[in-house]
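A.B. asks: pasting the sequence and the predicted model now:
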Amino acid sequence: MEVGRKLVAVGIVVIVSMVGINVAIHPPASTVGQTSNSTLLGSQSGSVTLIDPAGQQEWKIDDADSYFDVTKTDEETVLAAVYRGDRSRCGPYQSPCSRTGFEVVRLGEQPRTTFSYTYPVRTGRNSEVHDVERISPDRFVVADMEHERLFVVSTDGEIEWTWNASSFYEAPEDPTRVDWLHINDVDKIGPETFLISVRNENQLLVIEKSEGVVEVVNRDGDPDLFHQQHNPQWLGENAVLVADSENDRVVEVHRNTSDGEWYVAWSLTGAGGIGFSWPRDADRLENGNTLITDTRNRRIVEVDKNGTVVWSTTVQGDLPYEADRLPRGETVGGTRYTEPMSERVSGQNMPTYIRGVTPAAGLLRHHVRLPTWFTEGELLTGAAGIGFVLLGAGMELSRRFERG
């Protein structure tokens, strides 16, 4: 056999072996277990879905280009952060532009929007409202990524309070032209107090309406604590649960009261034999388990504090963003998985999962529907197999061309 044909054969064997071995030893993401309540899911690909306890879809709304944070506000309505493309209502921006904000959707056989508050943004990328929270029957707090601010708005459209990030961070000349801070979450954690996620600084801020910033979680922006995080949950004083997205893990971070420093008290990098890939939400449930939105693996998974899966389901569509276990959804306050630093050995009780995902493999998962076992090893092995095939095919074509 000519060298070119041998290389092609070797490449095919490498690729087929890689796929076959991984299919045999790695479990697929699938529905496992059953919960007692349904789960509400917002997906960036453009849907809001209610998933029943057995993992089946009960209903779906797909009226916007993207949905982000979604909350069941009562028995008949859902509050959703939305993004829509637009060509006519662009305000100060050139058409086409985008509009973002939030909507209240009344459920039923034909879901319909009963209230909408949206405003134009320069671009539909890194400018969308990712989170909104209802703080009274007719008032909402919004994380505005376009202008990097928080604001409280009423149902009559009047903005009654604003906090601008430029009062704390050094601002660029025009925040609407760059992805400056990427404020992607806001939670009301006290009567006049909010927790926000500043993704691009690897920081969480606690803001009081009358005082401004009163606490910075991860003051140095250390990516080893968390890196470009999403949807933090305030577990109580000195404890926050964080979807540590770029580190492909979920962490519970605590504040050491002796020196004020924050540290990782609990960490999980995978569940059910599958490493997390860009998780963007983690909620500590009332039963003490943790509900995780594992975005690039297209699944929602519930685990106990040891990392054991008690329920999981794959989801339709791409880029699931945020999941709420009904009826309460994300709460303020929750079970902590470890004791404070002074009462335990640092690093104890931290389940881990060693099968990680490199940025290159994660980027492929972001754009291509790949199996959950596809990580850095498969990326390199597949590239080598394809390289052998291409090199061998090239040599064979060259040989035939020279002969004929």
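C.D. replies: Received the coordinates, thanks. All of these numbers come straight from a predicted model, not from anything done at the bench. Residues are numbered from 1 along each chain as shown.
A.B. asks: where in the stretch 201-350 of the chain is pLDDT low?
C.D. replies: The stretch 201-350 of the chain contains residues with pLDDT under 70 at 340-350.
A.B. asks: let me see the ranges of the strands in the stretch 251-400 of the chain.
C.D. replies: Counting by DSSP state E, counting those that start in this stretch, residue ranges of the strands within the stretch 251-400 of the chain are 262-268, 270-271, 274-275, 279-284, 290-294, 299-303, 309-314, 320-325.
A.B. asks: could you dump these to a markdown table with mean neighbour count?
C.D. replies: C-betas here are computed from N, CA, C, even on glycine. A markdown table is the format used below for those (neighbours: other C-beta atoms under 10 Å):
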| stretch | mean neighbour count |
| --- | --- |
| strand 262-268 | 21 |
| strand 270-271 | 26 |
| strand 274-275 | 20 |
| strand 279-284 | 26 |
| strand 290-294 | 28 |
| strand 299-303 | 25 |
| strand 309-314 | 20 |
| strand 320-325 | 26 |
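A.B. asks: could you dump those strands to CSV with distance to K72?
C.D. replies: Formatted as CSV, these follow (distance: least, C-beta to C-beta, whole Å):
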stretch, distance to K72
strand 262-268, 26
strand 270-271, 25
strand 274-275, 28
strand 279-284, 13
strand 290-294, 14
strand 299-303, 16
strand 309-314, 18
strand 320-325, 7
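A.B. asks: which of the ones you listed sits closest to Q229?
C.D. replies: strand 279-284 (8.8 Å; C-beta to C-beta).
A.B. asks: return the list of strands paired to that closest one, each annotated with direction.
C.D. replies: Strand 279-284 sits in its sheet next to strand 290-294 (antiparallel), going by DSSP bridges.
A.B. asks: from what I see, D65 and G124 are in contact.
C.D. replies: Yes. The criterion here is C-beta atoms under 8 Å, and D65 meets it with G124 at 7.1 Å.
A.B. asks: now do the shared contacts for the two.
C.D. replies: The contact sets of D65 and G124 overlap at 83, 85 (C-beta atoms under 8 Å, 6 or more residues apart in numbering).
A.B. asks: point to the residue nearest the middle of this protein.
C.D. replies: R280 (1.8 Å; C-alpha atoms, centre = their mean).
A.B. asks: circling back: of all the strands of the stretch 251-400 of the chain, which one is nearest T71?
C.D. replies: strand 320-325 (6.3 Å).
A.B. asks: in its sheet, what does the closest one sit against?
C.D. replies: Here, using DSSP bridges, strand 320-325 pairs with strand 39-43 (antiparallel).
A.B. asks: name the residues that touch the strand it pairs with?
C.D. replies: 48-51, 67-72, 78, 80-81, 291, 293, 300, 313, 315, 317-326, 329.
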